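Trainee: Got a predicted structure plus its sequence, pasted below:
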Amino acid sequence: MQYSDSKINPEYKQLSELPLNRFDYKGYYTLIHFDSEDKVLYGKIEGIDDLVTFESDSAKEIEKEFHDAVDDWLEFRQKLNNGRVV
C-alpha cells in the first residue's frame, strides 16, 4: 500500500513522522517515529505534562531508550516532590 502526504493525518507533517510502534512501560506509553532525513528513531513520553524525549539510531535499542527515559523522569519527579511520585 502506498501513502501520499495528502492522506496523512494533519497531525503529521510528512510520511517520516507517522508513528511506527507503541511501547508501554510502568503505566506510560510512547509512539515511535522515524526521521528519514537524520535516520533516527525517536519518541516522547505521552500523557504527561513534561516534555521527555529520547532517540536512537538502532531499532534494537529504542525500547531501552524509552525505558531509560521513563525511569529518569520518575526519578526526577521523585526528587522534585520529596520522595513522592506525583
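Mentor: Thanks, I have the structure now.
Trainee: what's the pLDDT at Ile32?
Mentor: In this prediction, Ile32 carries a pLDDT score of 93.
Trainee: Kindly apply the preceding question to Phe66 instead.
Mentor: 98.
Trainee: what does the one 4 residues further on give?
Mentor: pLDDT, the model's per-residue confidence, is 98 for Val70.
Trainee: same question, the one 4 residues further on
Mentor: In this model, Leu74 is scored at 95, pLDDT.
Trainee: What residues sit buried inside the helix or strand where it lies?
Mentor: Under DSSP states H and E, the secondary-structure element containing Leu74 is helix 62-80. Buried residues in helix 62-80, counting neighbours by 16 or more other C-beta atoms under 10 Å, are found at Ile62, Glu63, Glu65, Phe66, His67, Ala69, Val70, Trp73. (C-beta placed from N, C-alpha, C; glycine too.)
Trainee: Burial check on the nearest residue to the second one once chain neighbours are set aside, number of neighbours?
Mentor: Which is Glu63. The spatially closest residue to Glu63, leaving aside those adjacent along the chain, is Phe23, at 5.4 Å (C-beta to C-beta, 6 or more residues apart in numbering). Phe23 is flanked by 16 other residues according to other C-beta atoms under 10 Å.
Trainee: what do you get for Gly47?
Mentor: Using other C-beta under 10 Å, the number of residues around Gly47 comes to 8.
Trainee: Asn82 versus that one, what's the distance?
Mentor: Between Gly47 and Asn82 the distance, using C-beta to C-beta, to the nearest Å, works out to 23 Å.
Trainee: One more: Ile62?
Mentor: As defined by C-beta to C-beta, Ile62 lies at a distance of 33 Å from Asn82.
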